[in-house]
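J.: give me a model of this one.
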Amino acid sequence: MTVDGTTRTVTPARAAEELELRREEFRLAVRMGLIRTLPGPLPAADREGAVRDRGGGRDRAPERRPVERAELDRLKAAPDFPDGLRERVRAVGAGEAAGLLSITPGRFARLARTGHLSPVRFYLNRYRSVIWLYVAAEVTAFGAEHPALLTGRLPAGVREREAAGEDLRARNWRSRHLALLLRGTDDPWARAAAIASLLDPVQVAEVVDDPRERGHLDRLRPAPPPGFPVAGAAHEVAARLVRADDPDEILWHRVSLALALDEARAARRAPHPGELPRPVAVSARAEPAGAGAGDGTGSRPRARPRAVRGARPPGRAPNPRRPGLLDRLRRSLPGRTGGGGGWAGRRDWG
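T.: Residues are numbered from 1 along each chain as shown. Prediction:
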């Protein structure tokens with residue numbers, strides 16, 4: 001294979017070829033954070049069917065972004081390349097995973113449903129049944145770390161959770177999916193949109209009062225995961241898996257969304273439909289929060305007043321969010337009676 005070492009970036013297809021990975025393996029490696037890709041605006045004509053954001057361009061899905069030549073060199077310099085990289089992204093179904101642990105498929109399913117193993121992706125078969133896939137290396141590591149769970153009777157706590165019908169596979173997958181989305185962008189509005197994508201539109205509307213902000217979050221909604229059904233009953237099944245369904249999980253994402261919106265509003269306001277946002281979000285977020293604002297250094301950026309002046313509708317407050325919303329969300333947390341309750345230190349999205 002002839003490799004052109006003069007280009008700074010390569011396409012995903014070329015990167016997969018150089019790394020000796022199949023298409024699905026490359027996608028999974030990116031989703032797991034093993035291969036770093038470069039964020040960039042979606043081109044004017046996207047051939048793979050993604051929807052453009054008319055407010056500036058929705059970002060490509062992580063596995064469809066270009067890869068830097070330096071990143072390829074780093075991966076190929078590993079002493080176990082390419083076998084080691086392939087092994088780290090090898091995904092297996094429940095039956096093969098049970099074989100790796102030398103246990104029955106039924107016992108593996110019980111461990112997975114009670115949250116001991118986290119799926120890395122899913123797909124629907126021809127009967128619209130959900131097939132969960134697991135990283136083989138993670139399955140093997142789990143067996144080495146928890147040998148007592150592989151033989152004998154399962155602990156009472158595990159049996160009780162199973163008897164109660166607990167199934168954490170979808171929730172654990174959503175947690176991994178959200179972590180990838182947040183890791184792939186520094187834009188505060190895109191991060192808020194990633195959190196909102198896991199909530200029902202009704203839940204989002206209760207947290208985000210401003211219709212303009214809700215529209216902006218919807219335009220920034222991340223692309224579905226690879227292999228997501230595009231229509232029909234299978235699409236409905238997959239859509240339910242992507243959205244939080246447990247009350248505690250919903251509450252967690254509502255609070256996370258409210259906090260993320262605070263950061264996004266502090267960076268810049270949501271643009272009007274058709275208005276091109278100023279490309280300042282990524283660079284602004286690289287500075288520590290509060291840097292140059294009231295610290296006496298005189299480093300406060302002078303561009304922000306010009307960006308806001310004349311753009312806000314007359315008489316509109318800079319923060320249209322209903323006061324007290326975040327405090328009400330925090331007070332509604334189980335065991336939380338105060339406005340803060342220490343929640344600020346438990347962000348699962350930062």
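J.: switch to C-alpha atoms for all contacts and neighbour counts from now on
T.: Fine.
J.: what helix or strand does the residue nearest to Phe108 when sequence neighbours are not counted sit in?
T.: Using Cα to Cα, 6 or more residues apart in numbering and skipping the chain neighbours, the partner closest in space to Phe108 is Ala98 (5.6 Å). Here Ala98 sits within helix 94-101, counting by DSSP states H and E.
J.: Pro226 versus the residue nearest to Phe108, what's the distance?
T.: With distances taken as Cα to Cα, to the nearest Å, Ala98 is found 25 Å from Pro226.
J.: neighbour count: the two, which is higher?
T.: Relative neighbour count places Ala98 above the other of Ala98 and Pro226, with 20 against 15, counting by other Cα atoms under 10 Å.
J.: what sits against the more buried one?
T.: Residues near Ala98 by Cα atoms under 8 Å, 6 or more residues apart in numbering: Thr104, Pro105, Arg107, Phe108.
J.: and the last one, how many neighbours does it have?
T.: The local packing count at Phe108 equals 21, with neighbours defined by other Cα under 10 Å.
J.: what sits against it?
T.: Ala94, Ala97, Ala98.
J.: measure it to Thr114 for me?
T.: With the distance defined as Cα to Cα, Phe108 ends up 10 Å from Thr114.
J.: which residues of the chain fall in strands?
T.: Using DSSP state E, the strands found in the chain span residues 9-10, 67-68, 91-92, 121-124, 130-135.
J.: any chance of these in TSV, plus mean neighbour count?
T.: Converted to TSV, these look like this (neighbours: other Cα atoms under 10 Å):
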stretch	mean neighbour count
strand 9-10	19
strand 67-68	20
strand 91-92	22
strand 121-124	19
strand 130-135	19
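J.: so what's Gly33 up against?
T.: So, once contact is read as Cα under 8 Å, 6+ apart, Gly33 ends up touching Leu180.
J.: now it: phi and psi?
T.: Its backbone dihedrals place Gly33 at phi 80, psi 10, with angles given as degrees, to the nearest 10.
J.: and Gly106, how many residues sit next to it?
T.: Residue neighbour count, defined by other Cα under 10 Å, stands at 12 for Gly106.
J.: any idea how far Pro12 is from it?
T.: From Gly106 to Pro12 the distance is 38 Å (Cα to Cα).
J.: OK, contacts around the closest residue to Arg161 other than its chain neighbours?
T.: In this structure, Arg161 finds its nearest non-sequential neighbour in Thr114, 6.7 Å apart by Cα to Cα, 6+ apart. For Thr114, the contacting residues are Val158, Arg161, Glu162, Glu166, Asp167, Leu168, Arg169, by Cα under 8 Å, 6+ apart.
J.: do you know how far the first one is from Asp167?
T.: Here Val158 is placed at a distance of 11 Å from Asp167 (Cα to Cα).
J.: low-confidence ranges in the stretch 1-150 of the chain?
T.: Applying pLDDT under 70 to the stretch 1-150 of the chain flags the ranges 1-7, 40-60.
J.: unless I'm mixing things up, Ala97 is touching Trp132, no?
T.: No. Ala97 is not in contact with Trp132 according to Cα atoms under 8 Å; the separation is 10.7 Å.
J.: average pLDDT for stretch 177-189?
T.: Stretch 177-189 shows a mean pLDDT of 89.
J.: kindly check the end-to-end length of it for me.
T.: End-to-end distance of stretch 177-189 (Cα to Cα): 18 Å.
J.: what of stretch 15-30?
T.: Chord length of stretch 15-30, first to last residue, is 11 Å (Cα to Cα).
J.: tell me which residues of that stretch come out buried.
T.: Residues of stretch 15-30 classed as buried under the neighbour-count rule (16 or more other Cα atoms under 10 Å) are 15-16, 18-21, 24-30.
J.: what sits up against that stretch?
T.: For stretch 15-30, the external contacting residues (Cα under 8 Å, 6+ apart) are 3, 13, 35-37, 62-63, 67, 72, 75-76, 82, 86, 89-90, 226.
J.: that's all I had, so thanks and see you.
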